[in-house]
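K.L.:
Fold the following.
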Amino acid sequence: MMAWAQGESAGAVIAPLSGVPAELPNTDEADAWLWAMHLAQESGADFLYRVSSPPYLVFLGLWNLTPALSDSHVEKGSADSFVLTILERLRRDIAEKQKNPAELRRLILNQGESLLQNRAVLSPDVRTEELLVRTGRALIDLAAGFGHRRFGLLPPDALTAEATLLLYSKLDSLKAVWLKK
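P.N.:
From the prediction side, this is the model:
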């Protein structure tokens, strides 16, 4: 059933789209994803998620996302302490979530993207902004190397001791760069 067919409030759903039926009987998850992606594309959504709802296939689209930080949240020039706090938090996350690398991967990716998207708020100068970009990209690259399977049908294996040490080492290298700054 499409969101507009449920009688939800107008502000919480997309408008009906021509050529899209109000209901799709006997739809499996793969077909539901295809319809959700089509609707997200046609309505200009930035992101599409499947909401955890065991008896139903519910999808959430997000529009007009703005950076998570604003001038009211972080003072310009506080990038050093902000990034060092993120790197320390990721170290703790590695220890706590090594048995769930997919979740750890998402955390690292999110932190890397956050640094890239919020660099203008965090950065008082070009040099710091460049370092934020390098750090954000390094975190994204780090996360890209683990914690997922090609088709996502099975959960990834827990991180090995060697993989965990490699993650710690890369985070320590990033921390050293920020401490030298």
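
K.L.:
so which strand or helix has the residue positioned nearest the centre of the chain?
P.N.:
Closest to where the C-alpha atoms of the chain average out (C-alpha atoms, centre = their mean) is residue 110, at 4.2 Å. Residue 110 is located in helix 101-117, with elements delineated by DSSP states H and E.

K.L.:
Quickly find the element holding residue 49.
P.N.:
Using DSSP H and E, residue 49 sits within strand 47-51.

K.L.:
what does that strand rub up against?
P.N.:
33, 36-37, 40, 57-62, 65 (C-beta atoms under 8 Å, 6 or more residues apart in numbering). Yep, even glycine has a C-beta here, placed from its N, CA and C like the rest.

K.L.:
again with stretch 136-152
P.N.:
Outside stretch 136-152, the residues that touch it by C-beta under 8 Å, 6+ apart are 90, 101-106, 108-109, 111-116, 119, 155-156, 159, 163, 167, 170-171, 174.

K.L.:
If burial is judged by neighbour count, which of those pass?
P.N.:
Neighbour-count burial (16 or more other C-beta atoms under 10 Å) applied to the contacts of stretch 136-152 gives 90, 101, 104-105, 108-109, 111-116, 119, 159, 163, 167, 170-171, 174.

K.L.:
what about residue 3, how many neighbours?
P.N.:
Residues lying near residue 3 (other C-beta atoms under 10 Å) number 18.

K.L.:
and the gap between it and residue 22?
P.N.:
Using C-beta to C-beta, to the nearest Å, residue 3 is found at 10 Å from residue 22.

K.L.:
How about residue 97?
P.N.:
41 Å.

K.L.:
about what we covered before: buried sites along whatever helix or strand comes next after the helix holding residue 110?
P.N.:
Downstream of helix 101-117, the next assigned helix or strand under DSSP H and E is helix 119-122. Within helix 119-122, the residues that count as buried by 16+ other C-beta under 10 Å are 119, 121-122.
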